[in-house]
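# Pasting the sequence and the predicted model now:
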Amino acid sequence: SAEESCAYLKAWQKIWNGPIFSYEYHFWRAQFRDPGLMIISRRIYEDVRSLKLLDIDGYLQDGSNKHFFPHGFHEFIHAETLVNRNSDYDALLEDYFSILFGDDYKQVLVYLNGVSEAFGEKYMAGEDYTAGASDPLHNPERGVKLEQVFEMAAVARSLVAKNRQTPVRVQALAWRLLDRHAEFSEGFAEVLATKARGFDKLALEMLNTFISRFCRHNYELERWMDMGM
């Protein structure tokens, strides 16, 4: 448990006066449980700020080194807060996304937060299922929320269409990734909405079809998304 780990840490600190780093996995699987990457970004910010409370000097991170799909704010907030634990989350959020998406960045944030909430970090970790269910992904109520991703994806595509011709190169790339992300979120949500309602066999067939279809973009996305993960 976390309590036991902290007890071991405190005992170790009594005999070790050198630097101590926490070996963590924020960028291994957890990021894939949050397709919008907004819940994990806040979690990382809070975790880094908490290091000082345990007299830990920093992190060693184990995980994919190419997960910027459709953005890299989770990596950005991690680095910024390690350097300055008193950094302001909202200020960094505005700075990062206004540069990445220009004038429409607030609407992009509505989309990303909506996607994160629809998938639900706890649901994706198998911790939010219907009482008594044997399958950790069985939750019909979550299926309803996942279907809302279709509307969110449509809004994202309309924003992409509006901004596709931007002359700012980093923004052109960001909008292109967001377009693919809308496709990803929509397809993955459809699979999970089916799974959440208990149609396991159909969901598995849909998943295999979705993977085959979306992985055709691997050549385009290989620098930004680890398809193997």
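In hand now; what should we look at? Numbering: from 1, shown residues only.
# From Q171, how far off is the residue nearest the centre of the chain?
Central residue of the chain (C-alpha atoms, centre = their mean): L37, 2.5 Å from the mean position. From L37 across to Q171, the span is 18 Å (C-beta to C-beta, to the nearest Å). C-beta: built from backbone N, CA, C; applies to glycine.
# Over to the residue nearest to the centre of the chain: give its phi and psi.
phi 60, psi 20 (degrees, to the nearest 10).
# Give me the pLDDT value at it.
What the model reports as pLDDT for L37 is 97.
# Work out for me the element the nearest residue to I44 once chain neighbours are set aside sits within.
Nearest residue to I44, sequence neighbours excluded (C-beta to C-beta, 6 or more residues apart in numbering): H78, at 5.0 Å. Per DSSP states H and E: H78 is located in helix 73-83.
# what's whatever helix or strand comes next after that helix in contact with?
Moving toward the C-terminus from helix 73-83, the first helix or strand encountered (DSSP H and E) is helix 89-101. Contact with helix 89-101 is made by 42, 45, 71, 73, 76-77, 80, 105-106, 108-109, 163, 170-171, 174-175, 178, as judged by C-beta atoms under 8 Å, 6 or more residues apart in numbering.
# residues touching the residue nearest to I44, list them.
For H78, counting by C-beta under 8 Å, 6+ apart, the contacting residues are 26, 44-45, 48, 59, 61.
# repeat for P140
Contact analysis of P140 by C-beta under 8 Å, 6+ apart lists 130, 196-198.
# okay if I get the residues you listed as TSV plus pLDDT, neighbour count and distance to E4?
Converted to TSV, the contacts of P140 look like this (pLDDT from 0 to 100; neighbours: other C-beta atoms under 10 Å; distance: C-beta to C-beta, whole Å):
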residue	pLDDT	neighbour count	distance to E4
T130	91	15	31
A196	97	26	34
R197	96	18	38
G198	95	16	37
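# Which members of those residues are the farthest-apart pair?
Farthest pair in the contacts of P140 (C-beta to C-beta) is T130 and R197. Separation: 10.3 Å.
# Helices along this structure, start to end?
With helices called from DSSP state H, the chain shows them at 2-13, 38-50, 73-83, 89-101, 105-119, 121-124, 140-147, 149-163, 169-196, 200-214, 218-221.
# any residues touching the last one, and which ones?
For helix 218-221, the surrounding residues in contact (C-beta under 8 Å, 6+ apart) are 69, 177, 180, 227.
# any idea how far the residue lying closest to the last one once chain neighbours are set aside lies from I211?
Just to be clear, that refers to M227. Once flanking residues are discounted, M227 sits nearest to N218: 4.9 Å by C-beta to C-beta, 6+ apart. According to C-beta to C-beta, N218 stands 11 Å off from I211.
# Can you get me a residue count around the residue lying closest to G187 once chain neighbours are set aside?
Leaving aside its chain neighbours, G187 sits nearest to F210 (4.5 Å; criterion: C-beta to C-beta, 6+ apart). For F210, the neighbour count with other C-beta atoms under 10 Å is 16.
# surely F210 meets V191?
Yes - under the criterion of C-beta atoms under 8 Å, F210 makes contact with V191 at 5.5 Å.
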